[in-house]
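>>> I would like to see how this sequence folds:
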Amino acid sequence: MNPISDSVETITKEIFIECRPETLFSFFTDPDKLARWMGRHVLLEPSIGGKYRIDINGSDVAMGEYKELVPNEKIVMTWGWEKSKLVPPGSSTVEFRLTPKEGGTLLQLTHTLPEAEIASHVQGWTHYMSRLRSLAEGQDPGVDPWSERTM
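Next up is the predicted model:
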């Protein structure tokens, strides 16, 4: 048995965003909006079983499919990387919960994946959730610096 593939951990992150849940939800289902906070080129089929492809920087490409979509409340997707042996496309699950709070939305992320991948994904989700908050609150985070480099 390979201990790396058998050892699974869960990332949980929360961030408060000053916007309505329906505004935030659109940043997960509209390819033009998603590309403003993550990736260079984004292809989405936002329906149950629909595929997505997020080209981060010309080399790193996230792929998977939508497993659950509850409008303005929850998005569940499989997740993985096109060239990864540890986290190939569709091999992990990421869930986003949108909970209305006074004056905005609490975004909760839960991502379960191999322990060896936790640190890099924590760094990635921290980076991208910050960009998402800026956009959803009407600010422009600018060009994603990660879109220009290989990770």
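
>>> from here on, contacts and neighbour counts on C-alpha atoms
Will do.

>>> Helix, strand, or coil at Leu132?
For Leu132, the assignment made with DSSP: H, G, I helix; E, B strand; the rest coil gives helix.

>>> all helices of the protein, in order?
3-6, 21-29, 31-37, 118-136 (DSSP state H).

>>> Take those and lay them out in a markdown table including mean neighbour count.
A markdown table is the format used below for those (neighbours: other Cα atoms under 10 Å):
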| stretch | mean neighbour count |
| --- | --- |
| helix 3-6 | 12 |
| helix 21-29 | 19 |
| helix 31-37 | 20 |
| helix 118-136 | 16 |
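
>>> Dump those into TSV; add distance to Glu102 and mean pLDDT as well.
Listed next are those as TSV, based on distance: least, Cα to Cα, whole Å; pLDDT from 0 to 100:
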stretch	distance to Glu102	mean pLDDT
helix 3-6	41	50
helix 21-29	11	97
helix 31-37	24	96
helix 118-136	16	97
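
>>> Put together a markdown table for those, with distance to Arg53 on each row.
Listed next are the helices of the chain as a markdown table, based on distance: least, Cα to Cα, whole Å:
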| stretch | distance to Arg53 |
| --- | --- |
| helix 3-6 | 24 |
| helix 21-29 | 12 |
| helix 31-37 | 10 |
| helix 118-136 | 16 |
